[in-house]
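S.K.: Can you look at this prediction? I've put the sequence above it.
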Amino acid sequence: MPAGYHPILVHLPTALIAGVLVLEIWYLLRRNQAEHSQQTWLLLLAMLGVLSAFFSGYQANDLANAAFIIPDEPISNHHVMGRAVLFALPLTLALQMAAAHAKHGRVGFRVVYLLSLALSTGLVLYAAVLGSQLVYKLGAGVGARPV
């Protein structure tokens, strides 16, 4: 997979995870006990997107120094946050499924799921901020043509 796909692949899971959080807040405010199967599917799609984005990042790293020398620390920080999302999201999905299908302790599962979802959303947004700083502040992956 060409490294140029990484910027494209990161946006979908970011939007999906944030969208699930917005849906959950909407349901809480409306006190709607609607079926939450759409959240399961959105989180599954987000997880596939996170996997794609994470592994395409390795190829993107190869082109990080296309026109500018990028320090290793910002790339490493972005990678660590991406890895945190990679591990947090399956837990969030498992908690969502447990909350949706629990016979006992449903409220407890729901609270822990919502906290996990908030954490996953925060992690993915912070990883996105770090990635955008790599590109827009440091010029990672930006090719420059001589005039």
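M.R.: Noted; the coordinates are in hand. Residues are numbered from 1 along each chain as shown.

S.K.: Just give the nearest non-adjacent residue to residue 96, would you?
M.R.: Closest residue to residue 96 apart from its sequence neighbours, by C-beta to C-beta, 6 or more residues apart in numbering: residue 113 at 5.1 Å. For glycine as for every other residue, the C-beta is placed from the backbone atoms N, C-alpha and C.

S.K.: close enough to count as contact, the one you found and residue 91?
M.R.: No: with contacts counted by C-beta atoms under 8 Å, residue 113 stays clear of residue 91, the gap being 9.4 Å.

S.K.: Compare the two (neighbour count), which wins?
M.R.: For residue 113 and residue 91, the more surrounded residue by other C-beta atoms under 10 Å is residue 113, and the numbers stand at 24 against 14.

S.K.: ok, the more buried one - contacts?
M.R.: 92, 95, 96, 98, 99 (C-beta atoms under 8 Å, 6 or more residues apart in numbering).

S.K.: gap between it and residue 46?
M.R.: 14 Å (C-beta to C-beta, to the nearest Å).

S.K.: export the contacts of residue 113 to TSV and tack on pLDDT and secondary structure?
M.R.: Output for the contacts of residue 113, formatted as TSV (pLDDT from 0 to 100; DSSP: H, G, I helix; E, B strand; the rest coil):
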residue	pLDDT	secondary structure
92	96	helix
95	94	helix
96	92	helix
98	91	helix
99	89	helix
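
S.K.: Neighbour-wise, give me the winner out of these.
M.R.: residue 92 (27 neighbours).

S.K.: quick one, helices of the protein?
M.R.: 6-30, 37-62, 72-101, 106-136 (DSSP state H).

S.K.: I'd like the contacts of residue 113 written out as TSV, with distance to residue 108 added.
M.R.: Below are those laid out as TSV (distance: C-beta to C-beta, whole Å):
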residue	distance to residue 108
92	15
95	10
96	14
98	10
99	9
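
S.K.: Just the closest of the residues you listed to residue 106, please.
M.R.: residue 99 (6.5 Å; C-beta to C-beta).

S.K.: Spatially nearest residue to the closest one, not counting backbone neighbours?
M.R.: Nearest to residue 99 is residue 109, by C-beta to C-beta, 6+ apart, at 3.9 Å.
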